[in-house]
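J.: Turn this into a structure:
(one chain, ligands or ions: 2)
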Amino acid sequence: MTSFLRSILPGSTSTSRSNDCDEDYSAEYSFAMEYSGPPLNQDIPQVVPIDVRRIPTAAVEAKIGDENSSSSGTLGFSESRDDSNQLSGSSDIEDIDDDVKAGVDNNYGKLTVDSPEISSSDGVDLEGCKDEAEAPGLRIRPPIVDFHEFTQSGITSDESDHDPQVVFPERPVVPDEVKGLCHRCNSRSRFSDKEVCIVCGAKYCSKCVIRAMGSMPEGRKCITCIGYRIDESRRGSLGKTSRLLKRILVDEAIKHIMKSELSCEVNQLPPHLVVVNDKPLTIEELVSLQSCPNPPKKLRPGRFWYDKVSGFWGKVGEKPSQIITSRLTVGYQIRQDASNGNTKVLINSREITKPELRMLQVAGIHCEGNPYFWVTADGSYQHEGMNYVMGKLWDKTRVKVVCKALSLPFPSNVSNHGGEELASNTYEVNLKNLDRKTINKFLLVGGHQSGTSTIFKQAKVLYDVPFSEDERENIKFLIQRNLYSYIGILLEGREQFEEDYFVEMRRRQDIAQHDISEISEEVDEQNMYSISPRLKAFSDWLLQVMVSGNLEAVFPGATQEYAPLVEELWKNKTFQATYKRRNELHKLPQMANHFLDRAVEISRINYEPSDMDILYAEGITSSNGIASMEFSFPISSQDTYMESDDQSDPLLRYQLIRVHENSLGGNCKWLEMFEDVDLVMFCVSLTIYDEFYEDVTGIRTNKMMASKKLFEKVATHPSFAQKNFILILNKFDLLEEKIEQVPLSQCHWFQDFSPVISLHPYNANSNNNPPLAQRAFHYVAVKFRQLFTSLTGRKLFVAAVTGLEPDSVDKALRFGREVLKWDEEKLTFSMNEDTIESIEASTT
Ligand SMILES: Nc1nc2c(ncn2[C@@H]2O[C@H](COP(=O)(O)OP(=O)(O)OP(=O)(O)O)[C@@H](O)[C@H]2O)c(=O)[nH]1
Ligand SMILES: [Mg+2]
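T.: Ligands and ions are numbered 1, 2, ... in the order given. Predicted coordinates:
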């Protein structure tokens with residue numbers, strides 16, 4: 001074997017192996033070694049590219065041999081092989097020639113060129129061809145083509161609008177009769193990797209793939225499929241290498257194969273299969289579409305709608321998926337029902353969908369009276385027929401957030417709003433777009449105070465997604481406003497402590513039967529909770545503002561004005577005495593300490609929140625309840641489930657969308673806008689089992705029961721009928737404290753939780769007797785899981801999380817990724833209870 005071949009075939013040796021499939025790969029490549037014709041494209045061995053449109057495809061392999069033999073005369077598998085299945089070159093070729101003839105005889109198609117002469121000395125390994133030819137339903141047939149003269153750019157000169165001709169022939173897909181069977185050697189291994197032909201779908205094991213596919217000049221195709229169009233359902237996998245190839249070839253060779261797969265002409269999208277506004281595209285239109293500054297991503301055959309004015313682009317019957325360059329001359333007029341909208345609101349003559357309507361509402365655009373809008377590429381909108389621009393959609397920050405969350409397109413910076421077009425005559429595929437992977441979407445939703453915003457912010461910090469200037473500014477104001485509410489709670493507490501003090505003194509006084517006047521003097525002297533009139537005035541004012549619910553209206557505007565008072569308050573002994581007793585103030589959230597400790601600094605006008613401050617702040621933004629971020633998982637040692645291939649793939653992108661309960665609308669009707677998410681993460685706080693809220697009619701409801709109700713609504717929402725669900729049981733740290741004081745059975749749904757607690761110190765923390773919080777968590781998880789299964793018939797995944805701990809959130813989100821991966825691979829992964837239990841255990 002040449003050193004070159006050694007370099008591209010990792011671990012290849014010349015040791016012969018026992019069976020047919022175990023042969024050294026060098027045999028497969030020997031034809032390349034002995035080839036001495038014109039230089040091949042790249043450094044790797046390959047079949048010489050030929051114009052497959054000019055010859056019957058069945059003879060492609062033979063043609064390869066033909067051309068090569070004219071240069072060297074020795075092309076072929078020259079190494080002697082003790083392969084009993086090896087067909088002699090001549091008999092193979094005869095077989096195929098017969099097939100071609102049969103194809104012609106049977107009138108399979110119109111053939112306008114003759115088969116090239118095939119010499120019996122052509123030693124190309126046609127074993128694959130033989131297999132293919134003999135496979136049921138796979139008789140090789142000549143292409144249904146006329147052979148035109150092709151221009152340099154690869155476009156036929158007489159291609160016309162009305163002639164949606166099949167330029168490259170199609171080939172029937174191999175029926176996947178027996179799963180896991182290698183198409184060539186018939187060896188069966190259900191779970192071992194296989195390489196799939198992008199044309200016929202035949203699968204090959206690692207031992208057969210090189211023989212069956214040769215040097216892959218058009219990517220991963222059986223040799224007999226070269227020159228045929230790819231199976232469109234496999235377009236998404238073009239250019240994406242596989243584990244199997246990574247195992248058997250070196251990087252350079254893989255790169256070359258992937259590049260050919262993406263860029264060779266026969267693999268390009270057939271224009272007439274792309275229908276825009278009811279009109280099949282011509283090749284020129286497809287070129288102009290794909291080479292415009294902002295082309296449709298991952299364009300596949302299908303029916304699309306295109307709004308030429310705004311640049312909105314989408315699949316027929318669906319909401320817009322992208323904003324492409326406007327004013328392209330493709331397709332007819334857009335139809336009103338193009339996106340199947342039912343809102344009675346029109347944008348550029350198209351009835352918009354509900355998510356779009358929601359986006360307009362968030363943008364503050366009034367949609368009462370079913371208006372017709374005219375929206376241009378730069379986002380300027382106006383009522384149809386009126387010469388007055390009301391504003392610009394894309395300038396509103398809120399719109400960007402909402403678009404992300406509702407999976408609506410938002411113009412990218414690179415898009416050309418003016419609609420200018422770059423002239424291009426090349427039929428080049430935008431490799432970058434083809435290479436881009438889809439985003440996996442996680443929807444994070446939960447009841448009040450469940451911790452969704454904490455988890456969302458934690459994810460931002462974890463995955464290095466910076467908080468934008470706007471977010472920082474918003475959160476800064478939020479923190480400052482919250483600070484005043486915490487101070488208000490302390491001041492209210494101070495009043496209470498002062499009152500308690502008087503009551504206590506009076507009680508003692510009564511007991512001692514002392515003179516009243518004497519006592520009050522004594523009390524005044526000793527009451528450490530009394531404050532100066534100046535601070536008392538501030539306290540009264542603040543409490544009044546809080547009671548009237550106007551805190552938001554006053555702060556952060558008044559922050560600067562009151563900052564000196566906060567400083568004064570902090571130095572005040574009375575206030576400090578109250579602060580020491582803050583644990584008795586139940587209204588004060590636990591997180592308040594984080595800010596109160598630095599109250600003076602935070603109340604200053606030039607305060608800049610740190611990431612920790614942002615994490616601990618209550619809320620994400622002060623405005624709407626939808627937040628969205630995109631991220632990738634960095635490689636992590638905690639990544640216990642994933643294979644190394646996936647860990648290092650930076651293209652795997654995820655989107656985390658957090659929605660507040662308040663934004664879901666009555667009966668969670670807005671949930672339907674998230675129908676395209678891949679995973680729903682429902683968040684429940686583990687600490688609410690003994691907490692109640694009172695509605696306006698005075699009816700008390702247990703918060704856990706309220707969460708359960710919300711969970712039922714989300715789980716049974718029609719938009720999520722087939723979605724994966726993870727239950728995030730959050731605030732595990734707080735449960736550990738609380739469960740020791742308050743029994744879980746405070747919530748009547750958990751009445752039958754009665755763990756036997758071992759008092760023996762040795763047993764207390766053993767595996768057989770896990771801590772109480774752990775058992776409570778498992779119990780709650782089982783309750784929700786049973787509920788979910790009874791409602792949906794599906795499995796619920798559960799994770800215990802402490803939102804304030806980065807590792808915990810990281811694990812939960814990686815668990816989400818893993819759930820999606822299981823789903824994707826459709827493994828027959830019957831997760832038994834033990835498996836789930838162990839996952840839960842590892843997430844706690
Ligand atoms: N100790 C502890 N506190 C948490 C945890 N998760 C969230 N919190 C706190 O619980 C409070 C509520 O959390 P949020 O993230 O604001 O909850 P939410 O889902 O956004 O709910 P709303 O505040 O109603 O919007 C905040 O004060 C958080 O800091 C946790 O795991 N442990
Ligand atoms: Mg919150």
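J.: In stretch 804-821, which residues are buried?
T.: Buried residues in stretch 804-821, counting neighbours by 16 or more other Cβ atoms under 10 Å, are found at 804, 808-821. The C-beta positions use only the backbone N, C-alpha and C, and glycine is treated the same way.
J.: Stretch 364-378 too?
T.: 365, 367, 371, 373-378.
J.: which one of these is nearest residue 175?
T.: residue 377 (46.8 Å; Cβ to Cβ).
J.: just checking, that closest one touches residue 310?
T.: Yes: using Cβ atoms under 8 Å, residue 377 makes contact with residue 310 at a distance of 5.9 Å.
J.: what about residue 382, how many residues close to it?
T.: For residue 382, the count of nearby residues is 15 (other Cβ atoms under 10 Å).
J.: do residue 200 as well
T.: Neighbours of residue 200 under the rule other Cβ under 10 Å: 23.
J.: List the single closest residue to it in space, sequence neighbours excluded.
T.: Once flanking residues are discounted, residue 200 sits nearest to residue 174: 4.8 Å by Cβ to Cβ, 6 or more residues apart in numbering.
J.: Ok, residue 245 next?
T.: In this structure, residue 245 finds its nearest non-sequential neighbour in residue 254, 5.3 Å apart by Cβ to Cβ, 6+ apart.
J.: send the alpha carbons of whatever helix or strand the one you found lives in over as PDB?
T.: The secondary structure element spanning residue 254 is helix 251-263 (assigned by DSSP states H and E). Extracted in PDB, the C-alpha atoms of helix 251-263 (Å, rounded to 0.1, in the frame of the first residue of the first chain):
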ATOM      1  CA  ASP A 251     -10.400  13.800   8.200                       C
ATOM      2  CA  GLU A 252      -9.000  15.100   4.900                       C
ATOM      3  CA  ALA A 253     -10.700  12.400   2.900                       C
ATOM      4  CA  ILE A 254     -14.000  12.900   4.700                       C
ATOM      5  CA  LYS A 255     -13.800  16.700   4.100                       C
ATOM      6  CA  HIS A 256     -13.400  16.100   0.400                       C
ATOM      7  CA  ILE A 257     -16.200  13.600   0.200                       C
ATOM      8  CA  MET A 258     -18.600  16.000   2.100                       C
ATOM      9  CA  LYS A 259     -17.600  18.800  -0.100                       C
ATOM     10  CA  SER A 260     -18.300  16.800  -3.200                       C
ATOM     11  CA  GLU A 261     -21.600  15.700  -1.800                       C
ATOM     12  CA  LEU A 262     -22.700  19.300  -1.200                       C
ATOM     13  CA  SER A 263     -21.400  20.800  -4.300                       C
END
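J.: just checking, what packs against that helix?
T.: Of the remaining helices and strands, those touching helix 251-263 by 3 or more Cβ pairs under 8 Å, 6 or more residues apart in numbering; DSSP states H and E are helix 243-248, helix 431-435.
J.: go again using 10 Å as the cut-off
T.: Under the contact definition 3 or more Cβ pairs under 10 Å, 6 or more residues apart in numbering; DSSP states H and E, helix 251-263 sits against helix 3-8, helix 243-248, helix 431-435.
J.: so what strands line up beside the helix or strand following the shortest one?
T.: Proceeding C-terminally, helix 431-435 gives way to strand 439-446 as the next helix or strand, assigned by DSSP H and E. Each strand paired with strand 439-446, and its direction, by DSSP bridges: strand 653-660 (parallel), strand 679-685 (parallel).
J.: Please identify the most buried of these.
T.: Among the strands paired with strand 439-446, ranked by average contacts under mean count of other Cβ atoms under 10 Å, first place goes to strand 679-685 (a mean of 25).
J.: ok, that one near ligand 2 or not?
T.: No: against ligand 2, strand 679-685 shows no contacts by Cβ under 5 Å from the ion, the least distance being 10.8 Å.
J.: Could I get the CA-only coordinates of that strand as CSV?
T.: Provided in CSV are the C-alpha atoms of strand 679-685 (Å, rounded to 0.1, in the frame of the first residue of the first chain):
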residue,chain,number,x,y,z
LEU,A,679,-39.2,19.7,24.7
VAL,A,680,-41.4,21.2,27.4
MET,A,681,-39.7,21.7,30.7
PHE,A,682,-42.4,22.2,33.4
CYS,A,683,-41.1,23.8,36.5
VAL,A,684,-42.6,23.2,40.0
SER,A,685,-41.2,24.6,43.3
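J.: Sheet-wise, list the partners of the next helix-or-strand element following it with their directions.
T.: Downstream of strand 679-685, the first helix or strand assigned by DSSP H and E is strand 692-694. Take DSSP bridges as the rule and strand 692-694 pairs in its sheet with strand 700-702 (antiparallel).
J.: buried set for the strand it pairs with?
T.: Across strand 700-702, burial judged by 16+ other Cβ under 10 Å covers residue 702.
J.: Do me a favour and average the pLDDT over the biggest helix by length in the chain.
T.: With secondary structure taken from DSSP state H, the chain has its longest helix at helix 469-512. Mean pLDDT, helix 469-512: 85.
J.: Quick check: the residue of the stretch 501-650 of the chain nearest ligand 1.
T.: Using Cβ to the nearest ligand atom, residue 591 is the residue of the stretch 501-650 of the chain that sits closest to ligand 1, at 4.1 Å.
J.: What is the neighbour count of that residue?
T.: Using other Cβ under 10 Å, residue 591 is surrounded by 16 other residues.
J.: now residue 388
T.: Residue 388, neighbours per other Cβ under 10 Å, totals 6.
J.: what separates whatever residue of the chain ends up closest to ligand 2 from residue 346, distance-wise?
T.: Nearest residue of the chain to ligand 2, counting by Cβ to the ion: residue 453, 4.0 Å away. According to Cβ to Cβ, to the nearest Å, residue 453 stands 36 Å off from residue 346.
J.: Next: residue 263.
T.: Note on residue 263: its distance to residue 346, by Cβ to Cβ, is 41 Å.
J.: phi, psi of residue 729?
T.: phi -90, psi 100 (degrees, to the nearest 10).
J.: sorry, that was for residue 392
T.: For residue 392, the backbone dihedrals (degrees, to the nearest 10) come out as phi -120, psi 120.
J.: which one is it nearest to, not counting chain neighbours?
T.: residue 379 is the one closest to residue 392 (Cβ to Cβ, 6+ apart), at 4.5 Å.
J.: residues near that neighbour, how many?
T.: 19.
J.: wait, it sits on residue 393?
T.: Yes: counting by Cβ atoms under 10 Å, residue 379 touches residue 393, with 3.7 Å between them.
J.: can you list residues touching both of these two?
T.: Shared contacts of residue 379 and residue 393, defined by Cβ atoms under 10 Å, 6 or more residues apart in numbering, are found at 310, 363, 399, 410-411.
J.: which residues does the residue of the stretch 501-650 of the chain closest to ligand 1 contact?
T.: Contacts of residue 591 by Cβ under 10 Å, 6+ apart are 454, 482, 486, 615-618, 804.
J.: Select from those every entry located in helices.
T.: 454, 482, 486, 615-616.
J.: Need those residues in TSV (columns: distance to ligand 1 and neighbour count).
T.: Supplementary listing: the ones in helices among the contacts of residue 591 in TSV, determined by distance: Cβ to the nearest ligand atom, whole Å; neighbours: other Cβ atoms under 10 Å:
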residue	distance to ligand 1	neighbour count
454	3	26
482	9	23
486	11	21
615	8	22
616	6	21
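J.: hang on, the earlier thing: correct me, but the residue of the chain closest to ligand 2 touches residue 617?
T.: Yes: using Cβ under 10 Å, residue 453 is in contact with residue 617, at 8.5 Å.
J.: Which residues of the stretch 301-450 of the chain lie near ligand 1?
T.: Taking Cβ under 6 Å from any ligand atom, the part of the stretch 301-450 of the chain that reaches ligand 1 is made up of 446, 448-450.
J.: Tell me the one of those nearest residue 273?
T.: Residue 273 lies nearest to residue 446 out of these, by Cβ to Cβ, at 43.5 Å.
J.: now that closest one, nearest residue through space, not along the chain?
T.: Nearest non-adjacent residue to residue 446 (Cβ to Cβ, 6+ apart): residue 683, at 3.1 Å.
J.: what sits against the one you found?
T.: Residue 683 is in contact with 444-447, 449-456, 658, 707, 711, 726-731, 801, 803, 812, counting by Cβ under 10 Å, 6+ apart.
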